[in-house]
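K.L.:
Predicted model follows, preceded by the sequence.
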Amino acid sequence: MKDYIKLAWRNIWRNKRRTLICAASIFFGVVLSSFMSSMQEGSYEMYIKTIVNFYSGYIQVHQKGYWDDKVINNTLDYSSLKTQMPAIKGITVSTPRLENYALASLEDITKGVMVIGISPQKEDSITNLSKRVSEGSYLADGDAGVILGSALAKYMKVGVNDTLVLLSQGYHGVSAAGKYPVRGIIKQPSPDLDRRVVYMDVTTAQELFSAQERLTSLVIMVKDADDVPRIKRELAAKLGEEYEVMDWKEMNSMLIKQIDSDRASGVIMKGILYIIIAFGIFGTVMMMTAERRKEFGVLVAVGMQKYKLEYVVAMETVMLGFVGVITGIAASIPLLWYFMLHPIPLTGQAAETVMLMGFEPIMPFSMIPPIFYYQAITIFVFTLLIGIYPVLNISRMKISKALRS
Amino acid sequence: MSIIEIKGLHKVYDGKSLPVYAVNGIDIKIEAGEFTAVVGPSGSGKTTLLNIVGGLDEPTEGEVFIDGVKITGLSGKEKTDFRMKNIGFVFQAYNLIPVFTAKENVEFILHLQGKPKAERERRTKELLEAVGLGDRMDSRPNKLSGGQQQRVAVARALASKPKFILADEPTANLDSKSTDNLLEIMEKLNREENITFLFSTHDQRVVSKARRVITIQDGVVVSDIRK
């Protein structure tokens, strides 16, 4: 075995320039493909992180049917849910929310807003809302005031200590109206949320909407995202039919579909790139095979079984691929690490589009291991397929003809 | 028992319009220890004959026995195995593995035979010293002259302790000094170790050293002279 590896390794370096050109094409292909994958996965991670941490959480419990008909009449009874909530391993925190739409008004300016009733301390432990306060202060538990996004505050010309009037329809059609002092202004990373969300304490919101002890959702965070399916399953089993338990993927199905479709287009792009690389390797292997035809004949003539020779040449093809892959991955790691720590800021139209969708205007990078091992697996599969060519050539070889070539 | 026995050998190639009779009914017996040259003009069938005797090609008709074993009709795998254990080859263009040193080229045959490392190293050293290349063991073929490469090829052919050595025009690419040197080595091996040699050649210096000269023309033996 050692001698065959030695033979294969030396064979690929017979023509150093050709091997280097071939390895370089793989190297640049791997770097480019890693860069593309890292950028794609980094964006997906950012989208998911933004959605999960700033809004949906990993799991939500609703009244059955709430997700399809998000009205305040479809709220759940929190006091009843609290008695039924099981202790499940992996849940780090759960926080109540009561959401409803309202008209916010100050003097002659009115705007439709989303009122989110939260438990200030618990919510802060999930979304770090208090760290985003740019003016005034964050809410205290049981607070009778509100905080709102900076874009909304700017639009409504609202400052700290101003009083905001909220008008809406409460639980079972009751009129909802109230005056709320502004405690603080927050700068939301999502421009969409920054333009339309008003936070208040959940009990204050329950009073506003005459929905005592009622919630639209109980948001649950978990220690490990991989445990979400298990926790969701256990919760659903214990809470029964009265509630619906949804994970972040179900709640963000459109985003997941967009990610899947974007991934698919990335696969096509990478596929084209790899096909170009594969032709480069194939050309090299074809030349290597053609110029060594006589040598193959000699080796079989002196007693090397064809299958052993086939093994050596297939190994050469795989080695050739791996020289490019290993160096490509080695170069990609520090490059992607740098961009992971220093994401590329988006500007102009691209930045505006991303902000409109509610995300930070940056191009983040990911370092998840599949980015690298998929490259190795893909090149390995390609080189194995290309390796079939010399193997077939040897298996069909007539020794006397090969010796004359 | 003859070391090589050829019976009623025919080899017909499909030509463009007519069949080509490369070997057209040859019967030869070669005894152990013979130093035989097969001569004849180009296209007379020498190489085809040697290829069939060496198990590199199949005859259209006839049989070849090596030390009593019928090699015509063996499967490809069996023939390769048989060649490795019983036949040494020396080619006109040396045909050493270019990425291996002289030592590794010889040792490779012993490796194919599954010999242990210590035995491989000992025998390789012995053989390369026997062909006068004890000091060039670590040189790759491109660092050796044509004569030196052919001597490595002889050492490689001897590595497996074959029953005989087939040499197809072994001196065709050598200058006269290298030819004399190679012939001297081969004669010595034949005389002292009773190794059987079967050459195909055009070279009169090889013919003059041979103790048996078989002349072939148009695929048939026209003379078989023992000196």
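P.N.:
Happy to help now that I have it.
K.L.:
now the helices for chain B?
P.N.:
B:46-53, B:76-86, B:102-112, B:117-130, B:146-159, B:176-193, B:204-209 (DSSP state H).
K.L.:
okay, the ones you listed in TSV with distance to chain A and mean pLDDT next?
P.N.:
All C-beta spots, glycine's among them, are computed from the backbone N, C-alpha and C. Formatted as TSV, the helices of chain B follow (distance: least, C-beta to the nearest C-beta, whole Å; pLDDT from 0 to 100):
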stretch	distance to chain A	mean pLDDT
helix B:46-53	5	92
helix B:76-86	2	92
helix B:102-112	5	92
helix B:117-130	10	92
helix B:146-159	7	90
helix B:176-193	18	87
helix B:204-209	20	89
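K.L.:
What sits closest to the closest residue to chain B within the stretch 201-350 of chain A if chain neighbours are left out?
P.N.:
With C-beta to the nearest C-beta, the shortest gap between the stretch 201-350 of chain A and chain B falls at residue A:303, namely 2.4 Å. What sits nearest to residue A:303 in space, not counting adjacent residues and going by C-beta to C-beta, 6 or more residues apart in numbering or on different chains, is residue B:84, at 2.4 Å.
K.L.:
State whether that neighbour and residue A:300 are indeed in contact, as I suppose.
P.N.:
No - using C-beta atoms under 8 Å, residue B:84 is not in contact with residue A:300, being 9.9 Å away.
K.L.:
Between the two, tell me which one has more neighbours.
P.N.:
residue A:300 (24 against 20; other C-beta atoms under 10 Å in any protein chain shown).
K.L.:
thinking again about what came up before, ok now do the residue nearest to residue A:303, which residues does it touch?
P.N.:
Neighbouring residues of residue B:84 by C-beta atoms under 8 Å, 6 or more residues apart in numbering or on different chains: A:302-304, B:109, B:112-113, B:160.
K.L.:
Which members of those residues are the farthest-apart pair?
P.N.:
A:304 and B:160 (11.9 Å; C-beta to C-beta).
K.L.:
Next, format the helices of chain B as TSV and append distance to residue B:92.
P.N.:
Putting the helices of chain B into TSV (distance: least, C-beta to C-beta, whole Å) gives the following:
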stretch	distance to residue B:92
helix B:46-53	9
helix B:76-86	18
helix B:102-112	17
helix B:117-130	21
helix B:146-159	9
helix B:176-193	12
helix B:204-209	12
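K.L.:
Buried residues, the helix or strand containing residue A:116. List them.
P.N.:
Using DSSP states H and E, residue A:116 sits within strand A:109-118. By 16 or more other C-beta atoms under 10 Å in any protein chain shown, the buried positions in strand A:109-118 come out as A:113-118.
K.L.:
any idea how far residue B:87 is from residue A:307?
P.N.:
In this structure, residue B:87 and residue A:307 are 20 Å apart, going by C-beta to C-beta, to the nearest Å.
K.L.:
Looking at the two, which is more packed in?
P.N.:
Taking neighbours as other C-beta under 10 Å, residue B:87 and residue A:307 compare with residue B:87 leading, 26 against 13.
K.L.:
wait, doesn't that one sit right on residue B:163?
P.N.:
Yes - Residue B:87 is within contact range of residue B:163, at 7.0 Å (criterion: C-beta under 8 Å).
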